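Enquirer: Generate a structure from the sequence data that follows.
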Amino acid sequence: MVEFALVLPLLLTLLFGILDFGKSFNYWIDETHLASEGARWAAVNKNPGTGTLDEIGYGAGAGYTVNAPMPATFGDDEYLRIFDDVLAPVVRQYRPEFILVSSGFDAHFRDPLGGMRVTEGGFAALARRVKRMATECCGGRMAVALEGGYDLQALADSGRSVIEELGREADEPLAPADDGARVIPIIERAQYFLSRYWKF
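Expert: Residues are numbered from 1 along each chain as shown. You can find the predicted model right below:
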């Protein structure tokens, strides 16, 4: 996390978006960030008791924080549905100048602590979506940083999948989620809290 803390002040000169693939909360996001419209924080899953759906920022930063806390056992389809139905519309309307991905792999199915069911293919599909958004919104300007995970093989395999995906063309087709119906109530609640600021 120290690397992010040192780089963050430099990035604040741009309008940028931060996307978190993993389960862990990033502790360097502070009150100033939540009250600023210059940066967006979007986390797909958080540690218990943090990142609730109604935590959307405040003051000038209201609507600039997107949380989608998901229960254990959610996997590829649920993550892709949240991304496609909540995060992607917000990012496309916001049009950041830069996207920073906190690529945590503790949502991997082999992770001993995460309790989630995301596969290497799911992380690659998320990376493809972020890469497409970066191409559409900010000329492809994005950075991906390894953030967490507690199974070394899952880290290696997922990291390789994301790196391979980032090396492909940005216009490759996006495969929709096959199912993910369990996440619909979370999608609807997230959209409810954010609908004052964004169109879905």
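Enquirer: what bits of the chain have low per-residue confidence?
Expert: 1-50 (pLDDT under 70).
Enquirer: Farthest from the middle of this protein: give me that residue.
Expert: In the chain, residue 59 marks the outermost C-alpha relative to the chain mean, sitting 22.7 Å out by C-alpha atoms, centre = their mean.
Enquirer: Name the residues of the longest helix belonging to the chain that come out as buried.
Expert: The helix that spans the most residues within the chain, counting by DSSP state H, is helix 120-138. Judged by neighbour count using 16 or more other C-beta atoms under 10 Å, the buried positions of helix 120-138 are 120, 122-134, 137-138. For the C-beta atoms, the positions are set from N, CA and C on the backbone; glycine is no exception.
Enquirer: Just the CA atoms of it, as CSV, please.
Expert: This file holds the C-alpha atoms of helix 120-138, laid out as CSV (Å, rounded to 0.1, in the frame of the first residue of the first chain):
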residue,chain,number,x,y,z
GLU,A,120,-8.9,-16.8,-13.4
GLY,A,121,-11.3,-16.5,-16.3
GLY,A,122,-13.5,-14.2,-14.2
PHE,A,123,-10.5,-11.9,-13.4
ALA,A,124,-9.5,-11.9,-17.1
ALA,A,125,-13.1,-10.9,-18.0
LEU,A,126,-13.0,-8.0,-15.5
ALA,A,127,-9.7,-6.9,-16.9
ARG,A,128,-11.1,-7.0,-20.5
ARG,A,129,-14.0,-4.8,-19.4
VAL,A,130,-11.7,-2.3,-17.6
LYS,A,131,-9.4,-2.2,-20.6
ARG,A,132,-12.4,-1.5,-22.9
MET,A,133,-13.6,1.3,-20.6
ALA,A,134,-10.1,2.8,-20.5
THR,A,135,-10.0,2.8,-24.3
GLU,A,136,-13.4,4.4,-24.6
CYS,A,137,-13.0,7.0,-21.8
CYS,A,138,-9.4,7.9,-21.5
